[in-house]
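Engineer: Kindly generate the corresponding structure for this input.
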Amino acid sequence: MWMTGYGFLENSLRRPRNYNSCMLNLAAAHLAAPLLALLFSYAVTAALVRLGHREESRLTDNDLSGPQKFHERPVPRVGGIGIATGLWAAAFVMWFQDRSNLGLPILLMLACGLPVLLVGLAEDLTKRVSPRRRLLGTAVSAALVIAVFGFYIQRTDLAGLDWLVGFTAVAMAITVFAVVGVANSVNLIDGFNGLASTCVAFMLLGLSAVAWVVGDHLVIAMALPAVAAILGFLVWNFPRGLIFLGDGGAYFLGFYLAELALLLLSRNPQVSPLFPLLLVMYPVFETVFSMYRRKVLKGRPMGQPDGSHLHSLIFRRFMRAGFASLGSEQRVRRNSMTSPYLWALSMTAVVPAVVFWDNSTMLMACIVGFGLIYVSVYWRIVRFRAPRWLLFVSLLHRRRRSTV
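Structural biologist: Alright, predicted model coming up:
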């Protein structure tokens, strides 16, 4: 049961006596909060872009080397500040309009997310925070959510694991591990302009769609402002790459997405526990496959960065070949053209998750199917036998250049 032992929060989400008045407040909050999140995220990110592009700014990523570096010039990597600011602005609007039903839970969730946001921003600004400390900061945020809200994984529809989550301590540990895993996986796919942030936006929209079907207004009110805040950031990130999401933004978005998925699951028993897993399958599978590739196939440490992620291979095999002789600004846009391929791949998990949100059998079949699709595409690219549709953008650009 969600928020067990926290009656002041649980009671605030029941149907109040002045129901019509509360519904008006709810509608106003749903409209005002995303708009404010969009505007604040856009304005703060614009200020960060202007500040970051000054000479010798601490906000910029000046390291252009490394297996996962594809930008052409120093770029600010603190986009998470704009997104978080937009969400805080939306939360305060809800607090003033509907303090008990929406405002307090959202403010508390954002407060719980401060450790993961701050430790990520510390890495963005100093480049001295180890992956272990970043994961520890994420675990602290996940543990705070359990302590404040009282919800955690209690069912999985997986043989054996359901027995384990029957023990409270084990269930809490698995919940923290799952949240940390999703946050880390979102950070791992943050390799090109608009890739991780847009994928998270798609997942949040999928989450909102299922929340709307089951009538969970709280989850909708928490998810839609996040989508709006991401859009405010994307104006400056895609396709021009004027600012990056950074570790702070990537870890925070992954944390927020994971917690909202668990919140929906804990408040609505009719939602299959496999729905959140399929929803985030692209970044999670990318992470698991990368660990297997590094450790088993290459004999390297699982946490050692490399340039063999699927998005990196698509860039090298197709984008670089199609845009090889362009200027700096056009090469930045070439970077961005990698992302739509991965958006499409992500949607092959998000759409089935929304369609089969209450059917564990179909969700498991789709999880297996996604894994087969991913591995098939990956190995065909590695062996230079990529599907022809992946060559579309590169070939189209070559044809356009030949006609000029």
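Engineer: Not including adjacent chain positions, what is the nearest residue to the residue most central in space within the chain?
Structural biologist: The centre of the chain sits closest to V200, judged by CA atoms, centre = their mean, with a distance of 3.6 Å. The spatially closest residue to V200, leaving aside those adjacent along the chain, is L253, at 4.7 Å (CB to CB, 6 or more residues apart in numbering). No exception for glycine: its C-beta is placed from N, CA and C like everyone else's.
Engineer: Can you check the pLDDT for that neighbour?
Structural biologist: The predicted local distance difference test score for L253 is 98.
Engineer: for it, what are its contacts?
Structural biologist: 80, 83, 186, 196-197, 200, 226, 230, 245 (CB atoms under 8 Å, 6 or more residues apart in numbering).
Engineer: And T138, by the same measure?
Structural biologist: When contacts are counted by CB under 8 Å, 6+ apart, T138 is found next to 115-116, 119, 179-180, 183-184, 251, 254-255.
Engineer: Helix or strand: which one has the closest residue to M302 other than its chain neighbours?
Structural biologist: Nearest non-adjacent residue to M302, counting by CB to CB, 6+ apart: M291, 4.4 Å away. M291 belongs to helix 281-292 when assigned by DSSP states H and E.
Engineer: From the contact counts, what lies against whichever helix or strand comes after that helix?
Structural biologist: Next helix or strand after helix 281-292 toward the C-terminus (DSSP H and E): helix 310-314. On a contact count with 3 or more CB pairs under 8 Å, 6 or more residues apart in numbering; DSSP states H and E, helix 310-314 meets helix 339-355, helix 360-382.
Engineer: ok, residues contacting helix 310-314?
Structural biologist: The set of residues external to helix 310-314 that reach it, using CB under 8 Å, 6+ apart, is 67-68, 189, 191-192, 195, 286, 338-339, 341-342, 345, 374, 377-378, 381-382, 390.
Engineer: Give me the buried entries from those residues.
Structural biologist: Buried residues within these, counting neighbours by 16 or more other CB atoms under 10 Å: 189, 191-192, 195, 286, 338-339, 341-342, 345, 374, 377-378, 381.
Engineer: Now do the helices in the stretch 101-250 of the chain.
Structural biologist: If you assign secondary structure with DSSP state H, counting those that start in this stretch, the helices in the stretch 101-250 of the chain sit at 104-112, 114-126, 131-149, 161-164, 168-188, 195-214, 217-237, 246-267.
Engineer: what angle separates the fifth one from helix 246-267?
Structural biologist: Translated: helix 168-188. Computed with axes from the mean of the first three to the mean of the last three CA atoms, to 10 degrees, the direction of helix 168-188 lies at 140 degrees from that of helix 246-267.
Engineer: go on, the first one?
Structural biologist: Orientation check (the same axes, to 10 degrees): helix 104-112 against helix 246-267 gives 140 degrees.
Engineer: how distant is helix 104-112 from the center of its chain?
Structural biologist: 18 Å (CA atoms, centre = their mean, to the nearest Å).
Engineer: try the shortest one
Structural biologist: The offset between the C-alpha centroid of helix 161-164 and the centroid of the whole chain comes to 27 Å, using CA atoms, centre = their mean.
Engineer: And for it, what's in contact with it?
Structural biologist: Outside of helix 161-164, the residues within contact range by CB under 8 Å, 6+ apart are 155-156, 170-171, 174.
Engineer: Between the two ends of stretch 104-119, what distance do you get?
Structural biologist: End-to-end distance of stretch 104-119 (CA to CA, to the nearest Å): 24 Å.
Engineer: buried ones in that stretch?
Structural biologist: Per 16+ other CB under 10 Å, stretch 104-119 contains these buried residues: 104-110, 112-113, 115-119.
Engineer: Now that we're looking at the residue nearest to A258 when sequence neighbours are not counted, what pLDDT does it have?
Structural biologist: For A258, ignoring the flanking residues on the chain, the nearest one in space by CB to CB, 6+ apart is V182 at 3.9 Å. Turning to V182, the model gives it a pLDDT of 98.
Engineer: what's the spacing between V182 and P305?
Structural biologist: Taken as CB to CB, to the nearest Å, the spacing of V182 relative to P305 amounts to 19 Å.
Engineer: Between those two, which has more neighbouring residues?
Structural biologist: Neighbours per residue, other CB atoms under 10 Å: of V182 and P305, the larger number sits with V182, 31 against 16.
Engineer: any idea how far the more buried one is from I189?
Structural biologist: 11 Å.
Engineer: Find residues that contact each of those two.
Structural biologist: Counting by CB under 8 Å, 6+ apart, the shared contacts of V182 and I189 are P283.
Engineer: if we can go back for a sec, for the helices of the stretch 101-250 of the chain, which one sits closest to A43?
Structural biologist: Using CB to CB as the criterion, the shortest distance between A43 and those is 7.8 Å, found for helix 217-237.
Engineer: That closest one to helix 246-267, inter-axis angle?
Structural biologist: Following the same axes, to 10 degrees, one obtains 160 degrees for the angle between helix 217-237 and helix 246-267.
Engineer: And helix 217-237, what does it pack against?
Structural biologist: In this structure, helix 217-237 packs against helix 19-52, helix 79-97, helix 104-112, helix 195-214, helix 246-267, with contacts taken as 3+ CB pairs under 8 Å, 6+ apart.
Engineer: Out of those, which one sits most buried?
Structural biologist: Per residue and on average, the most neighbours among those fall to helix 246-267, with a mean of 27 (mean count of other CB atoms under 10 Å).
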